[in-house]
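# this one's structure only:
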């Protein structure tokens, strides 16, 4: 007697890419890279609202940024026990611009564009693109549904690189707090990576 289960095809890869819930700095518009701040009470509610959607999906893998705001979102979404910390999912290192808002940065550097210029004493676009590409390679090796908890800038960079776009495309991809996108492959053309859904709210 043969074991037919050994010949079953692997479940297709679906990546649920989640931005963490609201923090004080995401609310104020301050760039939050290395600063390890928690969710606000509203951010906790946003993260809890994800649990109703995620509890029935049956994730094969859960990956999270090392920052507490991402780990807290994963936990409140009901996936903390499964979560593995992945250093490459951390937010862009904003260097000297940490804690500043874009309007404050541009007061002294009017033509600043993070996707072109990066951040002094922080990460460059080339470094972020390379980090995103490492995550693409890792995720491509998995099967089934995968939950990925990350951040606003890096999550958008990961989505762009997933479909082979340069980082300049990130300016056209908004991702709200505790919102997520679904990355995967075109069923009719499985060699093509796609963004199947984007910026899905938790409400």
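That came through fine. All values derive from a computational prediction rather than experimental measurement.
# now the helices for the protein?
24-28, 41-54, 68-76, 102-108, 114-117, 125-140, 152-162 (DSSP state H).
# Residue 91: which of these is closest?
helix 152-162 (5.2 Å; CB to CB). Where C-beta positions appear, they are placed from N, C-alpha and C, glycine not excepted.
# Could you tell me the angle between the closest one and helix 125-140?
Interaxial angle of helix 152-162 relative to helix 125-140 (axes from the mean of the first three to the mean of the last three CA atoms, to 10 degrees): 70 degrees.
# same for helix 152-162, what does it pack against?
strand 14-19, helix 125-140, strand 145-150, strand 180-186, strand 189-200 (3 or more CB pairs under 8 Å, 6 or more residues apart in numbering; DSSP states H and E).
# Format those as JSON lines; extra columns: distance to residue 156, mean neighbour count and mean pLDDT.
Below are these laid out as JSON lines (distance: least, CB to CB, whole Å; neighbours: other CB atoms under 10 Å; pLDDT from 0 to 100):
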{"stretch": "strand 14-19", "distance to residue 156": "9", "mean neighbour count": "26", "mean pLDDT": "98"}
{"stretch": "helix 125-140", "distance to residue 156": "10", "mean neighbour count": "17", "mean pLDDT": "98"}
{"stretch": "strand 145-150", "distance to residue 156": "9", "mean neighbour count": "26", "mean pLDDT": "98"}
{"stretch": "strand 180-186", "distance to residue 156": "9", "mean neighbour count": "19", "mean pLDDT": "97"}
{"stretch": "strand 189-200", "distance to residue 156": "10", "mean neighbour count": "14", "mean pLDDT": "96"}
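# out of the ones you listed, nearest to residue 166?
Of all those, helix 125-140 comes closest under CB to CB, at 7.7 Å.
# who does the closest one touch, helix- and strand-wise?
Short answer (3+ CB pairs under 8 Å, 6+ apart): helix 125-140 packs on helix 114-117, helix 152-162.
# picking up where we left off before, let's have the helices and strands packed on helix 152-162 in TSV, adding distance to residue 63.
Converted to TSV, those look like this (distance: least, CB to CB, whole Å):
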stretch	distance to residue 63
strand 14-19	9
helix 125-140	8
strand 145-150	5
strand 180-186	13
strand 189-200	18
